[in-house]
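> what would the 3D arrangement of this be:
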Amino acid sequence: MNDDLEIISVSSILNKYNYLVPIYQRNYAWTEVQIVQLIEDIESAIKDDTDHYFLGNLIVNRTDNNMYEVIDGQQRLTTLYLLKKYLGMIFLKDSLKFEAREKSNRTLRHLHDSNSLELNNDLAAPEILNGYSIIENFFKVKNIDKNMFIKKMESVYLIQIQVPQNIDLNHYFEIMNTRGEQLELHEIAKAKILEKLENDSERATAAMIWEKCSDMNAYVQMSFDTSIRKELFTDDWAKLNKSITNFDAIKDKVSSKADFEDKKTLKDILEKNDLESTKEYQPDIENQRFESAVSFPHFLLQVNAAIKKSGEEDSSLDDKHFLNNLSWTWSSVENAKEFLYHLLKCRVLFDKYILKREFARDYKETGKWSLQRLEKYRDPKKGTDQPQYISTLIDTNKINQKLRTLEACLRVTYTSPKTMHWITLVLSELLANEEVNIITKLENYCKTKVDNSNYQNKQGFGIERIVFTYLDYLLYRDGYTYQEKNILNPLQDDWQFQFRNSIEHFHPQNPVEVAHWEEDDLNSFGNLALITVSGNSKFSNLPPDGKIHSYPSIMNQSLKLKIMEKMTLINDGKWTEKKAQEHEKEMFSLLKKKNI
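Next up, the predicted model:
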């Protein structure tokens, strides 16, 4: 094997070498979404002893006999450090260090030598402690067997790549961040589809569709230049022209305007010997405020699953089977054209009907859930056509707000792209009939998930997240009355779902100031709510009234928790086993009701 390349199982990473994260790299920044996805990828990839899974590359620069400087892959490597610590696996104490970041190093040493997350706030790196808490909580919520997971890690691998000697590392790192060092699977799929087409006009049209659809954070209409946009979309830009019913119709409209430069075959791509990025379209600056729910490769899998109406029992959204899932698209000219047409059509539908995160105005830093369609308006001052973003659905009775919150319920529940089958459902239904009632479809989808979870016979960490999130949606949709007092108004404008993955025991598991509860009451649905990991950490072992008065913003993360707060404050001002039992009965009755 090449001395510059080494295959390492993740079970043995950090056992043999020491790694240093250089100062020019950003600090650890993975959130719950990325951490959970890594764990779920490992958990689902290995079914038996014959399975193997490639987790990615680790690009390093050897600076000493046993020391490697991390050029690319430090977020994944740090997460594996925290994962191995949580699982109680053995690895070198100083196997991972951050250059000139003493808080990070102190926190890693503390975790290595202790089972406690308690560390003076001024001395700790909160992002590392939060990462560890996310791992710990996820294993408990999903009830994952530690020993089985450790065994699976033996069949999961990283490829460690040594960069060439005497290379300009700063320049190399810059290229890695802008282009990436690997040939992406979606590039291979694109090349294979282009090879199947019959002439330059078809290939140029296909390359244009692929390129414009690949920027998932811009509304696709704005990725096309003005002349092509006029040909493909209605006068208000809102949807495809009625005459666009297949790939050839697209080609006929734009072939004289399509860019003939980006038609590389697979052979062209594989023989390239540089890492320079290709010229890409820069969307209108207004579009750069949006963030898609999925990346482009995962969107390709969504389109494929929507066309084929794939069920959840298969691996239609699993990127481990990316090329296999898409292989039918380059098996014939007709299939290639069918997929390319649906790729563009699904992007228009996706942008219009699937929620995004929007970073603008008061939410420029934190973002908010957004469900908007793009339409053209004429700027009277500039005398030019400009995009505007308005509610996707006519907002009678706040219907758009309701759908946005319902989709947010699913988005924060199923965080891994390969579990976002609800998006496939929406796209496949819209392809058949854009007038379909999406709210009804998604409510029934959630209700089925909740019913199948057997929540009434589960306790504590055994209760699936969809039960908590769908209940919060129902409370948001309908409001709630307790003892003839209206304590939750329906469709509150100021409440939005957050990414939550931590089971909160309102009456604490290890109380200091209040009495212990029996296990059945403590772990009952009536005493539980779903909040963020950081919120759970702040709540700690505070009694219910302490949580209510000390952290009102955390109480607001869950509408179920808000009800528990109101019940606590009524009458004696205490949260009791009887109130928890009453609350559970009421919440179960809401979940059992048929959707309206």
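> now do the strands in the stretch 401-550 of the chain.
Taking DSSP state E, counting those that start in this stretch as the test, the strands found in the stretch 401-550 of the chain are 480-482, 485-488, 502-505, 528-531.
> out of these, which is closest to Met222?
Among the strands of the stretch 401-550 of the chain, the nearest to Met222 by CB to CB is strand 528-531 (36.4 Å). Yep, even glycine has a C-beta here, placed from its N, CA and C like the rest.
> tell me which other helices or strands that closest one touches.
Counting contacts by 3 or more CB pairs under 8 Å, 6 or more residues apart in numbering; DSSP states H and E, strand 528-531 packs against helix 465-478, strand 502-505, helix 559-569.
> out of the ones you listed, which gets nearest to Lys594?
helix 465-478 (11.6 Å).
> strands paired with the lengthiest strand in the chain, and their directions?
The residue-count maximum for a strand in the chain (DSSP state E) belongs to strand 53-62. Counting by DSSP bridges, the strands paired with strand 53-62 are strand 67-72 (antiparallel), strand 156-162 (parallel).
> let's have these in JSON lines, adding distance to Val333, mean neighbour count and mean pLDDT.
Formatted as JSON lines, these follow (distance: least, CB to CB, whole Å; neighbours: other CB atoms under 10 Å; pLDDT from 0 to 100):
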{"stretch": "strand 67-72", "distance to Val333": "39", "mean neighbour count": "20", "mean pLDDT": "89"}
{"stretch": "strand 156-162", "distance to Val333": "36", "mean neighbour count": "19", "mean pLDDT": "90"}
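> quick one: the helices in the stretch 1-150 of the chain?
With DSSP state H, counting those that start in this stretch as the definition, the stretch 1-150 of the chain shows helices at residue ranges 32-45, 74-86, 102-113, 126-142, 146-153.
> the fourth one to helix 102-113, inter-axis angle?
Using axes from the mean of the first three to the mean of the last three CA atoms, to 10 degrees, the interaxial angle of helix 126-142 with respect to helix 102-113 works out to 40 degrees.
> so what does helix 126-142 touch, helix or strand wise?
Helix 126-142 packs on helix 32-45, helix 74-86, helix 102-113, strand 502-505, helix 533-539, going by 3+ CB pairs under 8 Å, 6+ apart.
> which one of those lies closest to Lys382?
Shortest distance between Lys382 and these, using CB to CB, is found for helix 32-45: 38.8 Å.
> hmm, back to that, mind putting the helices and strands packed on strand 528-531 into CSV with distance to Asp545, mean neighbour count and mean pLDDT?
Shown next, in CSV, are the helices and strands packed on strand 528-531 (distance: least, CB to CB, whole Å; neighbours: other CB under 10 Å; pLDDT from 0 to 100):
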stretch, distance to Asp545, mean neighbour count, mean pLDDT
helix 465-478, 22, 23, 96
strand 502-505, 15, 22, 91
helix 559-569, 7, 22, 95
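> redo these as a markdown table? Include distance to Asp145.
Formatted as a markdown table, the helices and strands packed on strand 528-531 follow (distance: least, CB to CB, whole Å):
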| stretch | distance to Asp145 |
| --- | --- |
| helix 465-478 | 19 |
| strand 502-505 | 18 |
| helix 559-569 | 29 |
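> Leu111 is nearest to which of these?
Of all the helices and strands packed on strand 528-531, strand 502-505 sits nearest to Leu111, with 18.8 Å by CB to CB.
> looking at the strands of the stretch 401-550 of the chain, which is closest to Phe461?
Once the strands of the stretch 401-550 of the chain are compared by CB to CB, strand 502-505 is nearest, at 5.6 Å.
> now Asn199: how far from Ile228?
For Asn199, the distance to Ile228 equals 19 Å [CB to CB, to the nearest Å].
> ok, now Ala580?
Ala580 is 60 Å from Ile228, where distance means CB to CB.
> His583: which element?
Here His583 sits within helix 577-592, counting by DSSP states H and E.
> what count of nearby residues applies to Phe98?
Other residues within reach of Phe98 by the criterion other CB atoms under 10 Å amount to 24.
> now do the contacts for the nearest residue to it once chain neighbours are set aside.
Distances taken as CB to CB, 6 or more residues apart in numbering place Ser104 nearest to Phe98, at 4.2 Å, with adjacent residues excluded. Contacts for Ser104 were tallied using CB atoms under 8 Å, 6 or more residues apart in numbering; they are Asn27, Tyr28, Phe98, Ala125, Ile128.
> the second one and Gly131 touch, don't they?
Yes - in this structure Tyr28 lies within contact range of Gly131 using CB atoms under 8 Å: 6.6 Å.
> mutual contacts of those two, please.
Common contacts of Tyr28 and Gly131 (CB under 8 Å, 6+ apart): Thr78.
> which of these two has more residues huddled nearby?
Neighbours per residue, other CB under 10 Å: of Tyr28 and Gly131, the larger number sits with Gly131, 28 against 23.
> can you tell me, leaving aside adjacent residues, what's nearest to the more buried one?
Per CB to CB, 6+ apart, closest to Gly131 is Leu82, 5.1 Å.
> try Lys364
Nearest non-adjacent residue to Lys364 (CB to CB, 6+ apart): Arg289, at 7.8 Å.
> now swap in Leu403 and tell me
Leaving out its chain neighbours, the residue that sits closest to Leu403 by CB to CB, 6+ apart is Ile439, at 5.3 Å.
> what about the one you found, neighbour count?
17.
> pull the contacting residues for it.
Residues in contact with Ile439 (CB under 8 Å, 6+ apart) are Ile399, Lys402, Leu403, Leu406.
> give me the subset of these that lies in helices.
If you go by DSSP state H, those have Ile399, Lys402, Leu403, Leu406 in helices.
> top of those by neighbour count?
Going by other CB under 10 Å, Leu406 tops those with 25 neighbours.
> thinking that one is in contact with Lys441, fair?
No - with contact defined as CB under 8 Å, Leu406 does not count as touching Lys441 (10.0 Å).
> for Val467, what are its contacts?
Val450, Ser453, Tyr455, Phe525, Leu591.
> give me the buried positions along the helix holding His583.
Neighbour counts over helix 577-592 (16 or more other CB atoms under 10 Å) mark Glu577, Lys579, Ala580, Gln581, His583, Glu584, Met587, Leu591 as buried.
> do the same with stretch 7-16
By neighbour count on 16+ other CB under 10 Å, the buried set for stretch 7-16 is Ile8, Val10, Ser11, Ile13, Leu14.
> that stretch: how far from the chain's middle?
Chain-centre distance of stretch 7-16: 27 Å, with CA atoms, centre = their mean, to the nearest Å.
> let's have the chain start at 18 instead
Done: numbering now begins at 18, and the last item shifts to stretch 24-33.
> related to what we said a few turns ago, adding distance to Ile548 and pLDDT, write the contacts of Val484 out as CSV.
Formatted as CSV, the contacts of Val484 follow (distance: CB to CB, whole Å; pLDDT from 0 to 100):
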residue, distance to Ile548, pLDDT
Val467, 19, 97
Ser470, 19, 95
Tyr472, 18, 96
Phe542, 15, 97
Leu608, 19, 96
